[in-house]
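J.: Sequence plus predicted model, see below.
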2 protein chains.
Amino acid sequence: MYLARIYITLKPTVNDPQGRTVLGSLHNLGFAAVTDVRVGKYLEVRVDETDPARAEAAVTEMCQKLLANPVIEQFRFDLEAEPPVVKIPPPSL
Amino acid sequence: MYLARIYITLKPTVNDPQGRTVLGSLHNLGFAAVTDVRVGKYLEVRVDETDPARAEAAVTEMCQKLLANPVIEQFRFDLEAEPPVVKIPPPSL
């Protein structure tokens, strides 16, 4: 079992109106020291694979096919091995 | 100048309908090994502070006041020192 932590951000050249709105709100709240805000997505995906190379390939394909928009977004992720979930049968009464 | 990378996720006990939708889509696309998806937010915030403790306090307050919903979300962040932006005056012609 692997946990993939996926970070999806707009490419640096793409305008980020959501980030600009958050920046304005932070300034209105008095956080004058904030100079830039970029908003992205963060996903935690659990993949039931034993081989890290296969898990990495699967997550890359997921990002390319569904999770990120390759025209305007870029992604990166890290994989963390997790112990497999052991299902304990209920005690027979 | 500090770059704060902020990760905002739903608390583990909170239902994540967006994550369930993504999970269903991944299964439909053939990614049968995926067992769980949680969707969160990722923000990059640049703070013009020289003292890391002040930057950390400011980012914590931003998360509590605006960026995260403390009822259903939790946040964490890391801070990275960045060289200050040096503004070079245009050459006088």
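T.: All right, it came through fine.

J.: In chain A, where is pLDDT below threshold?
T.: Residues of chain A meeting the criterion pLDDT under 70: A:85.

J.: For it, which residues are neighbours of chain B?
T.: A:1, A:7-9, A:19, A:22, A:25-26, A:29, A:31, A:33-49, A:55, A:58, A:61-62, A:65-67 (CB under 8 Å from any CB of the partner chain). No exception for glycine: its C-beta is placed from N, CA and C like everyone else's.

J.: Give the buried subset of these as a ChimeraX selection command.
T.: Here is the ChimeraX selection string for the buried members of the residues of chain A next to chain B, based on 16 or more other CB atoms under 10 Å in any protein chain shown:
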select /A:1,7,8,9,19,22,25,26,31,33,34,36,37,38,39,40,41,42,43,44,45,46,47,49,55,58,62,67
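
J.: Among the residues of chain A next to chain B, name the ones in strands.
T.: Here DSSP state E is the test, and the residues of chain A next to chain B give A:7-9, A:34-47 as lying in strands.

J.: so which helix or strand takes in A:P90?
T.: Counting by DSSP states H and E, there is no helix or strand that carries A:P90.
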